[in-house]
Structure formats: C-alpha cells, structure tokens
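K.L.:
Predicted coordinates and the sequence they were generated for:
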Amino acid sequence: MVECKTLLIGVLATVLVQSSSTTTSIIIALVGSNELSVKMAVYMVMGANIGTSVTNTIVAMGRGLHSLTSKLKLRTFGTHRSRWSST
C-alpha cells in the first residue's frame, strides 16, 4: 500500500511541476541526503514517468480544442474573403 502512495506522490509532483526531470532530481537529492529510501525513490521515479504521460495528455487535449477553433476561424475568414473578392 505504501508503494502505491509513493507512486501517486511521484505522479502528482510531476503534474504540478510539469517536468519529470525536475521531480527526479528532487528525489535523487532526497535520497542523497538520506531523507528518502532508495526503495521509495524507485516508486516515486516510476510515478514521475507516469506523470509525464498525464501532462502530455492534458496538453494534447488542449491543443485539440485550440486546433478546432483555429480551423473554424480560418474557414469563416476564408468564406468572407471569397465573397468580398468576387464583388
């Protein structure tokens, strides 16, 4: 059960910081200062890697919506432009 919690801490930290490299660096520093065991660090780093996937998914979802609105704007502009250029 502790492993699952540690894994989720890694995911959450990466989602908040939006960088698995930063999260991993912090984890390594904590292990180096004996504040965190190596076993726990392994689960946190695995969680950081999962957190990167979560962050990428959020970004991709946002880009999909932005891309759709951009296409609609271009189509609307293109329609108005063709009407004006023919007169």
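P.N.:
That came through fine.
K.L.:
Look up how far Val31 lies from the spatially most central residue of the chain.
P.N.:
Residue closest to the mean C-alpha point of the chain, counted by CA atoms, centre = their mean, is Thr55 at 1.4 Å. For Thr55, the distance to Val31 (CB to CB, to the nearest Å) stands at 23 Å. The way it works is simple: take the backbone N, C-alpha and C, and place the C-beta from them, glycine included.
K.L.:
Report the buried residues of stretch 46-56.
P.N.:
Across stretch 46-56, burial judged by 16 or more other CB atoms under 10 Å covers Gly47, Ala48, Ile50, Gly51, Thr52, Thr55.
K.L.:
I'd assumed Ile9 was in contact with the fourth one.
P.N.:
The reference is to Gly51. No. Counting by CB atoms under 8 Å, Gly51 does not reach Ile9; the two are 9.8 Å apart.
K.L.:
Neighbours of the nearest residue to Val2 once chain neighbours are set aside, how many?
P.N.:
Leaving aside its sequence neighbours, Val2 sits nearest to Met40 (CB to CB, 6 or more residues apart in numbering; 7.8 Å). Neighbours of Met40 under the rule other CB atoms under 10 Å: 19.
K.L.:
Give me the pLDDT value at the closest residue to Ile26 other than its chain neighbours.
P.N.:
Closest residue in space to Ile26, ignoring its immediate chain neighbours: Ala13 at 7.5 Å, by CB to CB, 6+ apart. At Ala13, the pLDDT value in this model is 93.
K.L.:
secondary structure element for Ala13?
P.N.:
helix 2-17 (DSSP states H and E).
K.L.:
What is that helix packed up against?
P.N.:
Other elements packing on helix 2-17 under the criterion 3 or more CB pairs under 8 Å, 6 or more residues apart in numbering; DSSP states H and E are helix 20-32, helix 38-85.
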